[in-house]
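Student: got a sequence here, can you build the structure:
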Amino acid sequence: MPNALISPEKRVLWIFAASALVFALFVLFGRLVSQVGLDFLVYYEPSSVPIDRRLPSSDRDNPEYAIRTVGSFNDVESKQPTALMVHGDARESVNFDFLRSEFSRGTIIIAVNMLPAELDGLLAEGIQDVADIQGPLEHPFFTMLGKTEGHCPEGLQRDCGVFIVIARNFSGFGDMNNLARDSLDRILRGRLTPAAT
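Tutor: Okay, here's the model as predicted:
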């Protein structure tokens, strides 16, 4: 009867101390994550992109969005983010073989100021054919792509697995980040649900 050796007051005190310790660990972990940074989205925007063509930086550093901007494509390749974003004005320095492999494994890809037609064949075949282009696009805009790993190996086509191809005008990092998270959720649910390939 080990419980008989500990008084109810001491038990409550131990439970309170354990709860406080768990709470402190969560707070410390949250601070560590915000300082070290777990990146949801890595954005490749080198200094060669003209300032008037860049996405606004006003809310880019909001820790809620978990966006890390890098100026070298080597930095992109060394990260393992859930979403990758590249600026279309820097396409000459983008390793599209790397982006293609990331897209194939289910990473969300965002291309700033690149139309679905420009991405068709660079990342996968059929992008233009299945794109959901929302409104007339004006700079800055983006095309977001994602697909379930293993689906549509011969190119994107309707009724072939789970994929997202959306082009829309940029209205802020919050909206784009929410769209990327929703797309990721759809892709992850697609992995759990059998679909025709």
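Student: tell me which residue is most central in this protein.
Tutor: Residue closest to the average C-alpha location in the chain (Cα atoms, centre = their mean): residue 83, at 2.6 Å.
Student: tell me the helix or strand right after the helix or strand of the chain with the lowest mean pLDDT.
Tutor: Among the helices and strands of the chain, helix 8-36 carries the lowest confidence by mean pLDDT, DSSP states H and E, at a mean of 67. As assigned by DSSP states H and E, the chain's next helix or strand after helix 8-36 is strand 41-44.
Student: ok, which stretches of this protein are helices?
Tutor: Counting by DSSP state H, the chain has helices at residues 8-36, 73-78, 96-105, 116-119, 127-130, 173-192.
Student: residue 90 is nearest to which of these?
Tutor: Of all those, helix 73-78 sits nearest to residue 90, with 8.2 Å by Cβ to Cβ. In short, each C-beta sits where N, CA and C put it, glycine included.
Student: counting by contacts, list what that closest one packs against.
Tutor: Identification of packing neighbours for helix 73-78 by 3 or more Cβ pairs under 8 Å, 6 or more residues apart in numbering; DSSP states H and E yields strand 41-44, helix 96-105.
Student: list the contacts of the longest one.
Tutor: Right, helix 96-105. Defining contact as Cβ atoms under 8 Å, 6 or more residues apart in numbering, one finds that helix 96-105 is touched by 73, 76-77, 84, 86, 109, 122-124, 145-147, 149.
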